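Asks: Structure, please.
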Amino acid sequence: MSSKTFILIVTGMSGAGKTVTLRALEDSSYFCVDNLPPSLIDDFVKITAKSAEVGSIAIGMDVREKSFLADLESTLEHLRTAYTLQILFLEAETDVLIRRFKETRRPHPLQKLYDGSMEKAMESEEELLRPLRDEAETIIDTSSYTPHQLRTHITSLFGGGSSASLKVTLISFGFKAGTPHHLDMLFDVRFLANPHFVEALRPLTGLDISVSNYVLENPLTVEYLKKVEDLLDFLIPNYIKEGKSFLTIGIGCTGGRHRAPAITQKIAAFISKHSLNVETIHRDI
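Replies: Alright, predicted model coming up:
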C-alpha cells in the first residue's frame, strides 16, 4: 500500500507561500506536516498510509531542515523508490519576498547568520536550496499571486476533482506592472481597441459585460480570437499527447484591467470545451 502513497514535498524560498500552499492542500484532503525530520518520514508515511482516509501526503521542507538538505540525494532516491514522489518548489522575486517579510514583521530564518542582512540571507537560502529546485517537478513563481490566487492555483494543480490530463491556467495582466514568470505561452493584446479611453467604461473591468462586449465585438478581436482558437485547437491535443501536465498562458494588455481579462475569459470558455481543468487569474484587477 505504501508504494502507492503519493508524497508531495512542498519547499522553496522563505516567504514564497509554503504555509498558504499547505493549507490549500490540507483543504484538498492531503495529510500535511511541516518540517518533519527526514529520519521520521518513513515511519510517518507508513503509519499515515494505514488510514483509509489518507490518500495523499504533503510534507513542508525549508532551509531550516539542514539534515534533509545535507543528505538530499540519498533521501530523495529512497523516497522515489518507496513512494510516488513529487517536489513543488515555490519562489518569488527578491523585492517581493522582502516586502512580504516587512509586512508580516517576521525575520528571515537565516537573517541572524548575516548580521541582520535579509538580502544576504536570501542569497544563502537560494544557494542552499538550488539542488532541491533542480529536482522539482513543479516550480511556481508566486510574485504575482495574492494568497487567495495562490490557494486557487494550488487547488487547481493538486486538488484533484478532474480527470483531465492537462491543467490550464490563464493569467491576465498588465505589462506596465511586469510580465508574470514561468509562462508557457503569452498573448499580447495591446493592439486591440482600448476601453480605457471610453469614459463610461474606464472605471469598469473586463469582467463587466459592457467592457467585455466592447472588446469582444470589435471585428479585429473576432478575427484575432479565431486565429488564437485555431492555434490552441492544434496545440492542446499535441501537448496532451506529449504528456504535458500543466500549461500556463499569459494574456497581457497595458494595465491589465480591460482587454486582457475580457480576452482571458473568452479563451477560458473556449478551452473548457476541450474538457480540461481551466483556472483563471486576473492579476491586476
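
Asks: Residue 24 against residue 154, yeah?
Replies: Yes. In this structure, residue 24 is within contact of residue 154 by CB atoms under 8 Å, at 4.1 Å. Quick note: C-beta positions are derived from backbone N, CA and C, even for glycine.

Asks: Tell me which of those two has more neighbours.
Replies: Using other CB atoms under 10 Å as the criterion, residue 24 and residue 154 rank with residue 154 on top: 27 against 24.

Asks: Quickly note the distance from the more buried one to residue 19.
Replies: Distance of residue 154 to residue 19, computed by CB to CB, to the nearest Å: 11 Å.

Asks: Give me the below-cutoff pLDDT ranges for the protein.
Replies: 1-4, 51-54, 65-68, 160-165 (pLDDT under 70).

Asks: quick one, strands of it?
Replies: Ranges of strands in the chain, per DSSP state E, are 6-12, 30-34, 56-60, 84-91, 138-141, 167-174, 185-188, 246-253, 277-282.

Asks: so what does the second one touch, helix or strand wise?
Replies: The one in question is strand 30-34. When contacts are defined as 3 or more CB pairs under 8 Å, 6 or more residues apart in numbering; DSSP states H and E, strand 30-34 packs onto helix 18-27, strand 56-60.

Asks: What of the last one?
Replies: Taking 3+ CB pairs under 8 Å, 6+ apart as contact, the helices and strands that strand 277-282 lies on are helix 147-158, strand 167-174, helix 259-272.

Asks: rewinding a little: of the helices and strands packed on strand 30-34, which is nearest residue 41?
Replies: With CB to CB, the closest approach to residue 41 among the helices and strands packed on strand 30-34 belongs to strand 56-60: 6.8 Å.

Asks: For the closest one, which strands pair with it and how are they oriented?
Replies: Paired neighbours of strand 56-60 in the sheet (DSSP bridges): strand 6-12 (parallel), strand 30-34 (parallel).

Asks: among those, which is the most enclosed?
Replies: Of all the strands paired with strand 56-60, strand 6-12 has the most neighbours on average by mean count of other CB atoms under 10 Å, namely a mean of 23.

Asks: Let's see it as CSV, backbone CA atoms only.
Replies: Extracted C-alpha coordinates of strand 6-12, given in CSV (Å, rounded to 0.1, in the frame of the first residue of the first chain):
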residue,chain,number,x,y,z
PHE,A,6,1.6,9.9,-3.1
ILE,A,7,4.0,12.3,-1.3
LEU,A,8,4.3,15.9,-2.3
ILE,A,9,7.4,17.7,-0.9
VAL,A,10,6.5,21.5,-0.6
THR,A,11,9.6,23.6,-0.4
GLY,A,12,11.1,26.8,-1.7
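
Asks: Report the angle between it and helix 147-158.
Replies: Per axes from the mean of the first three to the mean of the last three CA atoms, to 10 degrees, the angle that strand 6-12 makes with helix 147-158 is 150 degrees.

Asks: quick one on the thing from earlier: identify the contacts common to residue 24 and residue 154.
Replies: Counting by CB atoms under 8 Å, 6 or more residues apart in numbering, residue 24 and residue 154 have no contacts in common.

Asks: re the thing from before, deepest-packed of the helices and strands packed on strand 277-282, please.
Replies: strand 167-174 comes out most buried of those by mean count of other CB under 10 Å, with a mean of 24.

Asks: Residue 245 is in contact with residue 166, isn't it?
Replies: Yes. Between residue 245 and residue 166 there is a contact under CB under 8 Å: 6.6 Å.
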